[in-house]
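[1] heads up, no residue letters with this:
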């Protein structure tokens, strides 16, 4: 298979590329290195089945220039569209960030696929599309969909476009709604932020919000496992949406993460909390994510949120400190 | 009140403008005359409280150039954002149509409102955001939201952006999900199409699909009535979403509409049906729209779908033939 991965030099991409290369697929990875970086993918550079091309997916002319020759010489079988903004607060501050990096990347990929008869897409959407449903269990058909962040809004916009495209030219359109995912190579997220703060000041750790925000976490290795499981089981079967996340657990408070991060170091560090139970505008303090649908298909994660956090803290500490 | 109406020279706009001018509000109407036209609004030109400005809302520079002087001299209190594509099949054929006219108009309006501290928006969304739910009653919280047309997709994208904006800078964000709306000045829709076809060929009327597509219809006068009712009742109260439509009725088949249109004329006309129960890619053949939420607030329509169709046929016949 000839597989195109957009935004492949970020956090999820390298984990996916590794699996595809192990299965002897040919992988074309494009990324503009804005949030991703060469360091994340350089281990693949000596693999003949891997090709990286620098490309800004939000720029259609650039996309055509990079992809058309590949399409002509190889023919892309499927696209894994991961390119997106990952800095949610910055997207809330500047509307343009998620418009350009989260939505226009999708619009351009869909347009390019339509023009080039590429009919299969796997898309990394997000639980952020749901907005705040309080204690209610969030299933794939839960509504209304009123996202709080521009990131969630532009992921929902992307889903909508993929949905309508699946009515006209797509054969496969699998939408995965990611939970909070942790692991390496970390490029963003709460653990990543904490270690980077500690690197600058090992005596004081400032936490956004009062630390009571409780979220569920999935390890990136399990996320990849879930997506490849769905890909294998479903084959080319139209439009499908899946929540991916840890199996119903209580989640982990930011407070616990801060404490575990500090505990993992030898620092004598004071944790200082902010106010309110939202880390930023658009942050959802409570989240009850249902993965019944993918469980019914036969997949479930091995680690709970707390185990996941501990594993990721160990890995990210090694990456950063 | 100083009210800005985008896309105000189309079908819904003139009906809304009339009401606002009667209430002695000041109305600024912008439109690029792509689907709207001067004919639809020229009756307001001698009203001192009405000002029309030609403007392409999908072009941000143009929008700033037109709106900034108004904002400086008058200050806009609220925006009624109606500008959008209305030709759904053309939007399915060319992705750019709804991207530009349905989504970018919203993106630009939100961006302009954010930069200019305008905090109240009323938005004309669409039942097309829901996609196909078969016989299931469609309420505001129904999901999943998997639209079939690019029009529905870009309306959903617009809703998503308004939703996230309501978390950061909007005070009022009322989203109205329009049903099939008929009345005058007609600019599109099945009755409009039929009369225009008859104008060219009064002996044969070609119908898209086999005529069994059954839909509910609301008259534009009732739509306006519903929106102004909600505006009055709710005041400035954050984000709210309302389905607007006829009260649970069986809807009207396209076949019936074709027959009534022909019956309203003196033509001896043969009706010729196409195949399938979809008029076009993205058309939803069956639709069970719930208006319980707005009914609980105290509003309900006076006409059922069939009465609405008969009233609109009479009016649109006078407009076109």
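    That came through, no problem. Nothing here was measured: the structure is a model prediction, and the numbers come from that model.

[2] make it CA atoms for all contacts and neighbour counts henceforth
    Will do.

[3] Could you list the residues of the stretch 151-300 of chain A in contact with chain B?
    Within the stretch 151-300 of chain A, the positions near chain B by CA under 8 Å from any CA of the partner chain are A:152-154, A:156-161, A:163-168, A:281-282.

[4] looking at chain A, which residue lies furthest from center?
    In chain A, counting by CA atoms, centre = their mean, residue A:268 sits farthest out from the average C-alpha position, at 33.0 Å.

[5] Verify the stated contact: residue A:288 with residue A:137.
    Yes: Residue A:288 is within contact range of residue A:137, at 5.0 Å (criterion: CA atoms under 8 Å).

[6] Show me the shaky parts of the stretch 151-300 of chain A.
    Scanning the stretch 151-300 of chain A for pLDDT under 70 picks out A:279-283, A:285-286.

[7] Chain neighbours aside, what residue packs nearest to the residue farthest from the centre of chain A?
    residue A:203 (6.1 Å; CA to CA, 6 or more residues apart in numbering or on different chains).

[8] neighbour-wise, which of residue A:288 and residue A:137 wins?
    residue A:288 (20 against 13; other CA atoms under 10 Å in any protein chain shown).

[9] Can you report phi and psi for the more buried one?
    Dihedral pair for residue A:288: phi -120, psi 90, per degrees, to the nearest 10.

[10] what's the answer for residue A:56, then?
    Backbone torsions of residue A:56, given as degrees, to the nearest 10, read phi -100, psi 110.

[11] can you pull the contacts of it?
    A:30, A:31, A:32, A:62, A:63 (CA atoms under 8 Å, 6 or more residues apart in numbering or on different chains).

[12] In helices, which of the residues you listed appear?
    A:62, A:63 (DSSP state H).

[13] could you flag which of the contacts of residue A:56 are buried?
    With burial judged by 16 or more other CA atoms under 10 Å in any protein chain shown, the buried subset of the contacts of residue A:56 is A:30, A:31, A:32, A:63.

[14] Spell out which parts of the stretch 1-150 of chain A neighbour chain B.
    So far as CA under 8 Å from any CA goes, the stretch 1-150 of chain A lies against chain B at A:92, A:95, A:111, A:140-150.

[15] Select only the buried ones of those residues in ChimeraX?
    Selecting the buried subset of those in ChimeraX, with 16+ other CA under 10 Å as the burial test, is done by:
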select /A:92,95,111,140,142,143,144,145,146,147,148,149,150
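
[16] Would you reformat the residues of the stretch 1-150 of chain A next to chain B as a markdown table and include pLDDT, distance to residue B:236 and secondary structure?
    Putting the residues of the stretch 1-150 of chain A next to chain B into a markdown table (pLDDT from 0 to 100; distance: CA to CA, whole Å; DSSP: H, G, I helix; E, B strand; the rest coil) gives the following:
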| residue | pLDDT | distance to residue B:236 | secondary structure |
| --- | --- | --- | --- |
| A:92 | 90 | 22 | helix |
| A:95 | 96 | 23 | helix |
| A:111 | 98 | 39 | helix |
| A:140 | 98 | 31 | coil |
| A:141 | 97 | 30 | coil |
| A:142 | 97 | 27 | coil |
| A:143 | 97 | 23 | coil |
| A:144 | 97 | 20 | coil |
| A:145 | 98 | 21 | coil |
| A:146 | 97 | 18 | coil |
| A:147 | 97 | 20 | coil |
| A:148 | 95 | 19 | coil |
| A:149 | 96 | 21 | coil |
| A:150 | 97 | 22 | helix |
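
[17] And the residues of the stretch 1-150 of chain A next to chain B, which is closest to residue A:276?
    Distance to residue A:276 across those (CA to CA) is lowest for residue A:148, with 16.2 Å.

[18] quick one: contacts for the nearest residue to residue A:92 once chain neighbours are set aside?
    Using CA to CA, 6+ apart and skipping residues adjacent in sequence, the residue nearest residue A:92 is residue A:150, 5.5 Å away. Residue A:150 makes contacts with A:88, A:91, A:92, A:95, A:98, A:99, B:160, B:161, B:164, B:165, as judged by CA under 8 Å, 6+ apart.

[19] Could you pull up the contacting residues of the second one?
    If a contact means CA under 8 Å, 6+ apart, then residue A:91 has A:85, A:97, A:98, A:149, A:150, A:151 as its contacts.

[20] So it, which state does it fall into?
    helix (DSSP: H, G, I helix; E, B strand; the rest coil).

[21] mind listing what's buried in the helix or strand harbouring residue A:230?
    Using DSSP states H and E, residue A:230 falls within helix A:220-234. Buried residues in helix A:220-234, counted by 16+ other CA under 10 Å: A:220, A:221, A:222, A:223, A:224, A:225, A:226, A:227, A:230.

[22] Using JSON lines, lay out the residues you listed together with distance to residue B:52.
    Listed next are those as JSON lines, based on distance: CA to CA, whole Å:
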{"residue": "A:220", "distance to residue B:52": "54"}
{"residue": "A:221", "distance to residue B:52": "57"}
{"residue": "A:222", "distance to residue B:52": "57"}
{"residue": "A:223", "distance to residue B:52": "53"}
{"residue": "A:224", "distance to residue B:52": "54"}
{"residue": "A:225", "distance to residue B:52": "57"}
{"residue": "A:226", "distance to residue B:52": "55"}
{"residue": "A:227", "distance to residue B:52": "52"}
{"residue": "A:230", "distance to residue B:52": "54"}
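
[23] if I read this right, residue A:208 contacts residue A:258, doesn't it?
    No: the criterion here is CA under 8 Å, and residue A:208 misses it with residue A:258 at 10.7 Å.

[24] Which one of the two is surrounded by more residues?
    The neighbour comparison of residue A:208 against residue A:258 (other CA under 10 Å) goes to residue A:258, with 21 against 18.

[25] My understanding was that the more buried one contacts residue A:192; is that so?
    No: under the criterion of CA under 8 Å, residue A:258 is not in contact with residue A:192, lying 11.0 Å apart.

[26] Mind listing the residues bridging to residue A:121?
    Assessed by DSSP bridges, residue A:121 has beta-bridge partners residue A:79, residue A:173.

[27] What about it, how many residues nearby?
    27.

[28] ok, it to residue A:13 distance?
    Between residue A:121 and residue A:13 the computed distance is 15 Å (CA to CA, to the nearest Å).

[29] Likewise for residue A:256?
    Following CA to CA, the distance that separates residue A:256 from residue A:13 is 28 Å.

[30] So if I had to pick from these two, which one is more boxed in?
    residue A:13 (26 against 15).

[31] Any figure for the gap between the more buried one and chain B?
    26 Å (CA to the nearest CA, to the nearest Å).

[32] residues in contact with the following helix or strand past the helix holding residue A:230?
    Following helix A:220-234 in sequence order, the next helix or strand is strand A:238-243 (DSSP H and E). Identification of contacts with strand A:238-243 by CA under 8 Å, 6+ apart yields A:127, A:139-140, A:163, A:166, A:170-179, A:289-291, A:293-294.
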